[in-house]
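>>> Structural data only, the sequence is not supplied:
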């Protein structure tokens, strides 16, 4: 469900209603998102960090930022792409009318210098396309964040060549690293943990893993040929498979690499 903030913007002719909204905020019934926009306190408490950021996006746009397009990390939140860390309390937009950037309390404007980014509408919010967002993140964000987003964009069907073409059209610093990230991204990486682990191994010069490798052993299971294990990380040279697991109830919140011997190799040690 998309959360829509309550706004006092445009209520100049209804001062009583605007005052009632502010009194509710003072009483704790509403939470102030930014000047002039509010959300019910119970609703706010139930939201994820992504949902709160999306509400902030709507609040900023309600303030009259007509020419801007939601971009970078804020676009990641709106498009539902995976992200590492918090989205923050500032909305990032690209403003084609500005040559230079501008940072304020709740909005960061990236100067587009006349360039109109390709965009789509998501629930009425103008946001950069998957391709545009992938390039923005690759150029500006930490490699861990970038590779997670790039893998996800490829999983959604965007062609690598399309992202590289969009990257080449940009006149921005960081082209070399961004191109390396795009070229190494892999749609078979199914979680942020896999994406980050792959990139870390790449930086360290480790061999590229085979992702989502299925191992079979006829006769071990009732159905011959059925996979025994599907390793999210496989190095055929040392006959080892690994899996980046999501935490379960009662487990550590950190991602853990579970190493297993591939079928045909030595048996794993007992737990």
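The structure has been received and is ready for your questions. Owing to the predicted nature of the structure, the values given are computational and were not obtained by experimental measurement.
>>> ranges for the helices of the stretch 101-250 of the chain?
Assigned by DSSP state H, counting those that start in this stretch, the stretch 101-250 of the chain shows helices spanning 130-140, 143-155, 160-168, 175-184, 192-203.
>>> Including distance to residue 23 and mean neighbour count, could the ones you listed go into CSV?
The C-beta positions use only the backbone N, C-alpha and C, and glycine is treated the same way. Shown next, in CSV, are those (distance: least, C-beta to C-beta, whole Å; neighbours: other C-beta atoms under 10 Å):
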stretch, distance to residue 23, mean neighbour count
helix 130-140, 40, 25
helix 143-155, 41, 24
helix 160-168, 49, 16
helix 175-184, 49, 17
helix 192-203, 43, 20
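>>> Compare the ones you listed and give me the one nearest residue 84.
Of all the helices of the stretch 101-250 of the chain, helix 143-155 sits nearest to residue 84, with 4.9 Å by C-beta to C-beta.
>>> Show residues contacting that closest one.
73, 76, 81-85, 130-131, 133-134, 137-138, 141, 160, 163, 177-178, 181-182, 184-187, 189-190, 192, 194-196, 198-199, 203 (C-beta atoms under 8 Å, 6 or more residues apart in numbering).
>>> repeat that with 7 Å
Contact with helix 143-155 is made by 76, 81-84, 130, 134, 137-138, 160, 181-182, 185-187, 189, 192, 195-196, 199, as judged by C-beta atoms under 7 Å, 6 or more residues apart in numbering.
>>> Direction-wise, compare it with helix 175-184 and give the angle.
50 degrees (axes from the mean of the first three to the mean of the last three C-alpha atoms, to 10 degrees).
>>> Make 14 the starting number, not 1.
Noted, 14 is the first residue going forward, which turns the last one into helix 156-168.
>>> any low-confidence regions in the stretch 164-284 of the chain?
222-284 (pLDDT under 70).
>>> quick revisit: so which of the helices of the stretch 114-263 of the chain is nearest residue 52?
Checking those against residue 52 by C-beta to C-beta gives helix 143-153 as the closest, at 25.3 Å.
>>> what about that closest one, average pLDDT?
Averaged across helix 143-153, the pLDDT comes to 97.
>>> Brilliant, that's me finished.
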